[in-house]
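3D model of this:
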Amino acid sequence: MRNTRIHVSHPPLPRGASGARVRLAGPSAHHLSRVLRARIGDEVILFDGQGGEFDATVDGISHREVTVVLSRFRDVARESPVAVTLALGLSRGDRMDLAIQKAVELGVAAIVPLATGRAVAKLAGERTARRLEHWRRIAIGACEQSGRTALPRIADPVALGAWLADPGPAGEVKLCLDPRARPGPPLAPARPAVVAIAVGPEGGFTDGEREALSSAGFAGLGLGPRTLRTETAAMTAVLLAQLWWGDLGGSDGRSA
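Now for the predicted structure:
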């Protein structure tokens, strides 16, 4: 189990405290004891979302909790140099789940579920809270799998107009997927610090929504001649941003 990574949701783990004993409960303990069937002496990696990760050894297992002993803190850095916000039109459960999972693996800093005119999925009341909790669990699992040490923010669902009312941080590069736009990187400064990408639901954005996005400073981005499913389009757009400006391109981050 040496490569098993577990997110710890309780207060931050003690940096530099070799030999500290930590009690894990809730989802962390359940995943270790019931899903992975950990045994005493197994080595695991813990992270608390505050940066870095901890080598640890399972020291005790009970019905409700798992005790681990911390052995070393490693201040690893695996977060992208560009903070990408993915604003994603609400879509059916499995499509939304897959888009969130892969976007987190690719390094997004935040995901904003968008209520749009053509969104098939509708959320309200308790259903919203349940879906948010579900999406956040997916994000945690993607961080555990991919080696990330910071959790991306999963925002409450918001209407497109309300989201656009916030101008965002200064210098943010704003893109929205538009099948009529040309492929290729937009003009942008060398490695912008922040990028926002808006992706529509299954039916895409309406003409009025595209106009609103354009008025808010979003440039259209095309993904070629083929029609992509919404989850594929979201993954592709995030991947392109990481290639152009993030840590996947191996260049200085300047768009062509």
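
Domain parsing of this protein, as residue ranges.
What automatic domain parsing lists as the domains of the chain is 5-74, 83-244.

so Leu90 touches Ile111, yeah?
No: using C-beta atoms under 8 Å, Leu90 is not in contact with Ile111; the gap is 11.6 Å. Quick note: C-beta positions are derived from backbone N, CA and C, even for glycine.

neighbour count winner among these two?
Ile111 (26 against 22; other C-beta atoms under 10 Å).

how much space between that one and Ala142?
11 Å (C-beta to C-beta, to the nearest Å).

returning to what we had before: now tabulate the domains of the chain in CSV and tack on mean pLDDT.
What follows is the domains of the chain, written out as CSV (pLDDT from 0 to 100):
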stretch, mean pLDDT
domain 5-74, 87
domain 83-244, 92
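
Tell me which of these sits most buried.
domain 83-244 (a mean of 18; mean count of other C-beta atoms under 10 Å).

Endpoint to endpoint, it covers what distance?
In terms of C-alpha to C-alpha, to the nearest Å, the two terminal residues of domain 83-244 are separated by 13 Å.

swap in stretch 22-40?
Its first and final residues considered, stretch 22-40 spans 14 Å by C-alpha to C-alpha.

so how far is stretch 238-251 from its chain's centroid?
A distance of 16 Å separates the centroid of the chain from that of stretch 238-251, by C-alpha atoms, centre = their mean, to the nearest Å.

ok, now stretch 65-74?
In terms of C-alpha atoms, centre = their mean, the centre of stretch 65-74 is set 25 Å apart from its chain centre.

and if you look at stretch 181-199?
Centroid separation for stretch 181-199 versus its chain: 18 Å, with C-alpha atoms, centre = their mean.

and if you look at stretch 158-170?
Worked out by C-alpha atoms, centre = their mean, stretch 158-170 lies 19 Å from the chain centre.

Now do it: distance from first to last residue.
21 Å.

can you offset everything so residue one is 6?
Yes, from this point I'll number from 6; that puts the last item at stretch 163-175.

Now do that stretch: everything it contacts.
For stretch 163-175, contacts defined as C-beta atoms under 8 Å, 6 or more residues apart in numbering pick out 90, 92, 117-121, 179, 198-199, 201, 203, 214, 217-218, 221-222.

what's the span of stretch 11-28 from first residue to last?
End-to-end span of stretch 11-28 (C-alpha to C-alpha): 13 Å.

Would you mind measuring from the spatially closest residue to Leu245 that is not a sequence neighbour to Gln247?
Counting by C-beta to C-beta, 6 or more residues apart in numbering, Leu245 lies nearest to Pro190, which is 7.3 Å off, once chain neighbours are set aside. To Gln247, Pro190 is 12 Å away according to C-beta to C-beta.

I figured Ser151 was touching Glu110, is that so?
Yes: the pair Ser151 / Glu110 is scored as a contact, 4.5 Å apart, by C-beta under 8 Å.

Confirm Met101 sits in a strand?
No: going by DSSP: H, G, I helix; E, B strand; the rest coil, the assignment for Met101 is helix, not a strand.

quick one, what contacts it?
Listed by C-beta under 8 Å, 6+ apart, the contact set of Met101 reads 93, 95, 118, 126, 140, 236.

now do Ala186
Contacts for Ala186 (C-beta under 8 Å, 6+ apart) come out as 224-227.

And Pro184, by the same measure?
Counted by C-beta under 8 Å, 6+ apart, Pro184 has contacts 209, 227-228, 232.

with those residues in mind, which one is nearest to Glu84?
Leu228 (25.2 Å; C-beta to C-beta).

any idea how far the residue nearest to that closest one when sequence neighbours are not counted lies from Thr211?
Of all residues not flanking Leu228 in the chain, Thr241 sits nearest, at 5.5 Å (C-beta to C-beta, 6+ apart). Here the criterion is C-beta to C-beta. By it, Thr241 lies 21 Å from Thr211.
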